[in-house]
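Asker: pasting the structure only:
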């Protein structure tokens, strides 16, 4: 389950995913079943394993006020039984067949996956097709899982100062966009879900015409399609109502939020509205933004590490996050943690200084060469991952792009010029459209119990 707070780690994962070598169309079988379900099969015969993923075009950005987090809640309930299989039986069957399975919810999708020995693919398909339309959603299971999700929110967000700061930041940076809401949902909404809310959400979005099946591994494309026809073909589609655009209004001035909670160290997070591959008016801009992110935060030779961590030594850590594959307008993010004795304001000015320099003159040829070399190196390294081959196609299809877009990623990065990086820096690093979140630590209260001190 993806926690949006961990944006730096997630950006690293996405970079890895989209730097996989080009997926040759000759190796891919693509069909749409009569009920509207898309099936994509990527053959890779290097090992006798298969990865099966079902992607639904629904996530936190589809939700409305009052039911935030319901996509994530439904993800939990997908393991709680159908008329044919009881609660948690899905996971048990996959495990008994030597497989691994999991699921995750994002802003723009919910996905379920299994990794199995290739002869067990039919088991995975039978189970996934069953729960696509046949969940029982018993109220007693719902009430138990509702408590589980509340506790998950406490552990992942409310008890983590930086996660709480990130959540407040997103709610400030986005006013009208659904990215305003956390993926896990607001606690008040979680506490007030009803099982009927869940049943309506399930009936609306969990349907073959809102899903993509991606299979990658040691399989035959035609055989997988026939198997998909057998298991998913009989399922009836639903009447889909596409989500409203809910575009973010133009920001008219800088925004700032201060979070004061018990914490060990201060923290700074800044963001600027930027386009994605799906929303950009100029197709090259997301790739130039990606290169700019690499120049600032792409290893020990990148500017933030070289100038602020090892050079000025004003931060213990600093990073940049950008996801070119969000469905809606997104943010370019920067964060930093000051070294002992330095203030958050010092970190902010240091980061703004790096952005000012980025806007002042083009990046150097050596920086461009380094970034493009990283692209090629990562592409070669990640070619061996069957899971990521499937994931890159599922992600693209689910946000409304063609999976073949992955073929163009590395080439589009190679085409980026220093002038283009300078252009997006000056266009999007606008201080009047900046949002800042500051974590100001309060003292952590400690109480004595049996002679041991612990955080309250």
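Answerer: Here it is on my side, so go on. Computed from a predicted model, the values in this text were never measured in an experiment. Numbers count the residues shown, from 1 in each chain.
Asker: what's around the nearest residue to residue 70 once chain neighbours are set aside, how many residues?
Answerer: Once flanking residues are discounted, residue 70 sits nearest to residue 201: 5.3 Å by Cβ to Cβ, 6 or more residues apart in numbering. In short, each C-beta sits where N, CA and C put it, glycine included. Residue 201: 20 surrounding residues under other Cβ atoms under 10 Å.
Asker: what of residue 298?
Answerer: Residue 298: 21 neighbours (other Cβ under 10 Å).
Asker: repeat that for residue 180.
Answerer: 18.
Asker: residue 170 is in contact with that one, correct?
Answerer: Yes: contact criterion Cβ atoms under 8 Å: residue 180 and residue 170 qualify, at 6.5 Å.
Asker: where do the strands of this structure begin and end?
Answerer: 28-32, 38-43, 49-56, 100-105, 110-117, 211-217, 255-262, 267-274, 315-321, 330-338, 435-442, 446-449, 452-455 (DSSP state E).
Asker: out of those strands, which is closest to residue 141?
Answerer: Closest to residue 141 of these is strand 100-105 (Cβ to Cβ; 16.2 Å).
Asker: which parts of the chain belong to which domain?
Answerer: 7-231, 255-442 (automatic domain parsing).
Asker: what confidence value was assigned to the residue nearest to residue 70?
Answerer: Per-residue pLDDT puts residue 201 at 98.
Asker: ok, now which ones touch the residue lying closest to residue 36 once chain neighbours are set aside?
Answerer: The shortest distance from residue 36 to any non-neighbouring residue, by Cβ to Cβ, 6+ apart, is to residue 209 (2.9 Å). Residues in contact with residue 209, defined by Cβ atoms under 8 Å, 6 or more residues apart in numbering, are 35, 36, 37, 237, 238, 240.
Asker: now do residue 210
Answerer: Applying Cβ under 8 Å, 6+ apart, the residues near residue 210 are 36, 56, 57, 58, 238, 240.
Asker: which one is it nearest to, not counting chain neighbours?
Answerer: residue 57 (5.1 Å).
Asker: burial count for the one you found?
Answerer: The number of residues packed near residue 57 is 21, by other Cβ under 10 Å.
Asker: what residue ranges in the stretch 1-150 of the chain score low on pLDDT?
Answerer: 1-26 (pLDDT under 70).
Asker: one more time with 90
Answerer: 1-27 (pLDDT under 90).
Asker: all helices of it, in order?
Answerer: 7-18, 70-77, 89-96, 121-133, 139-153 (DSSP state H, counting those that start in this stretch).
Asker: for residue 397, find the nearest of the ones you listed.
Answerer: helix 7-18 (13.3 Å).
Asker: report the buried residues of stretch 330-342.
Answerer: 330, 331, 332, 333, 334, 335, 336, 337, 338, 339, 342 (16 or more other Cβ atoms under 10 Å).
Asker: now stretch 252-270: average pLDDT?
Answerer: In the prediction, stretch 252-270 has an average pLDDT of 98.
Asker: residues of it that come out buried?
Answerer: Quick answer for stretch 252-270 (16+ other Cβ under 10 Å): 255, 257, 259, 261, 263, 266, 267, 268, 269, 270.
Asker: quick check: bridge partners of the first one?
Answerer: Note on residue 255: beta-bridge partners by DSSP bridges are residue 435.
Asker: so it makes contact with residue 435?
Answerer: Yes: contact criterion Cβ under 8 Å: residue 255 and residue 435 qualify, at 4.5 Å.
Asker: picking up where we left off before, distance of the residue nearest to residue 70 relative to residue 78?
Answerer: 12 Å (Cβ to Cβ, to the nearest Å).
Asker: ditto for residue 329
Answerer: 30 Å.
Asker: who has more neighbours out of these two?
Answerer: Neighbour count, other Cβ under 10 Å: between residue 329 and residue 78, residue 78 has more, with 21 against 17.
Asker: contacting residues for that one?
Answerer: 90, 103, 112, 131, 135 are the contacts of residue 78 under Cβ under 8 Å, 6+ apart.
Asker: hang on, the third one packs against residue 128?
Answerer: If I follow you right, that is residue 112. Yes: between residue 112 and residue 128 there is a contact at 6.5 Å, judged by Cβ under 8 Å.
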